[in-house]
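# build me a model from this:
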Amino acid sequence: MEIIPLSIPDVLLIKPRVFEDDRGYFFESFNSEKFKEQTGFLPDFVQDNESKSSYGVLRGLHFQRPPFAQAKLVRVVKGKVYDVAVDIRKGSPTFGQYAGAILSEENKYQLFVPRGFAHGFVVLEDNTIFSYKCDNIYSKESEGNLIYNDSITNIDWRVPEAKIIVSEKDKTGPTIENIIPLEL
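The predicted model follows:
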């Protein structure tokens with residue numbers, strides 16, 4: 001596997017080594033030894049989640065406050081998304097900035113989103129299946145969100161605004177100016 005830091009170096013794009021032949025393909029979606037060897041740390045994943053969505057569905061930008069802050073390893077099983085992580089760490093030099101990547105069933109890329117980031121994705125193909133690992137359990141009381149269309153963060157979601165389908169909760173989150181930065 002190849003691990004590439006994105007524009008915010010703590011957000012990592014993971015390109016697995018894929019073996020293909022006339023039968024199909026095989027790849028390791030996670031290997032703890034290789035991950036630790038290349039990054040110097042090892043998340044302890046304790047929960048796996050999966051969603052299925054149609055084109056234009058935008059999920060996010062979500063995060064968990066301490067003590068339930070979560071790092072995530074995300075990937076697409078079927079379809080395609082544009083995946084984003086926004087830095088909301090208190091005192092971070094990249095606070096309010098985002099890093100993003102296209103994840104698809106074709107490229108099989110994954111994104112590692114560290115604790116202290118709001119995470120979201122928009123679906124670029126119908127019937128997309130999105131899967132992710134978390135290194136901490138979900139807590140309803142600790143959940144938070146950042147509004148997806150914040151004018152300062154200014155994320156290019158790669159889908160026309162009129163085609164974006166978003167939950168009521170995600171329409172009403174705070175802006176980056178009004179968010180309480182996470183102390184980890």
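
# tell me which residue is most central in this structure.
Note on the chain: the residue nearest the mean C-alpha position is His119, at 4.6 Å, using C-alpha atoms, centre = their mean.

# ok, for it, nearest residue in space, not its chain neighbours?
Val113 (4.8 Å; C-beta to C-beta, 6 or more residues apart in numbering). C-beta: built from backbone N, CA, C; applies to glycine.

# same check, this time on Arg65
Nearest to Arg65 is Ser142, by C-beta to C-beta, 6+ apart, at 4.5 Å.

# hang on, that neighbour packs against Phe68?
Yes - using C-beta atoms under 8 Å, Ser142 is in contact with Phe68, at 4.0 Å.

# in the longest helix seen in the chain, which residues are buried?
Longest helix in the chain, counting residues (DSSP state H): helix 32-39. Within helix 32-39, the residues scored as buried using 16 or more other C-beta atoms under 10 Å are Phe35.

# against which helices or strands is that helix packed?
Counting contacts by 3 or more C-beta pairs under 8 Å, 6 or more residues apart in numbering; DSSP states H and E, helix 32-39 packs against strand 2-5.

# give me the mean pLDDT for the following helix or strand past the strand it packs on.
Moving toward the C-terminus from strand 2-5, the next helix or strand (DSSP states H and E) is strand 12-15. Averaging pLDDT along strand 12-15 yields 96.

# what strands flank strand 12-15, and is each parallel or antiparallel?
In the sheet, strand 12-15 lines up against strand 2-5 (antiparallel), strand 110-113 (antiparallel) (DSSP bridges).

# got a list of contacts for the last one?
The contact list for strand 110-113 (C-beta atoms under 8 Å, 6 or more residues apart in numbering) reads 3, 11-14, 16, 29, 39, 43, 71-75, 83, 85, 101, 103, 119.

# any quick PyMOL command for the buried ones out of the residues you listed?
This is the PyMOL syntax for the buried subset of these, where burial follows 16+ other C-beta under 10 Å:
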select buried, resi 11+12+13+14+16+43+71+72+73+74+75+83+85+101+103+119
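
# so who does the residue sitting furthest away from the middle of the chain touch?
Here the chain reaches farthest from its C-alpha mean at Asp22, the gap being 32.0 Å by C-alpha atoms, centre = their mean. Going by C-beta under 8 Å, 6+ apart, Asp22 touches no other residue.
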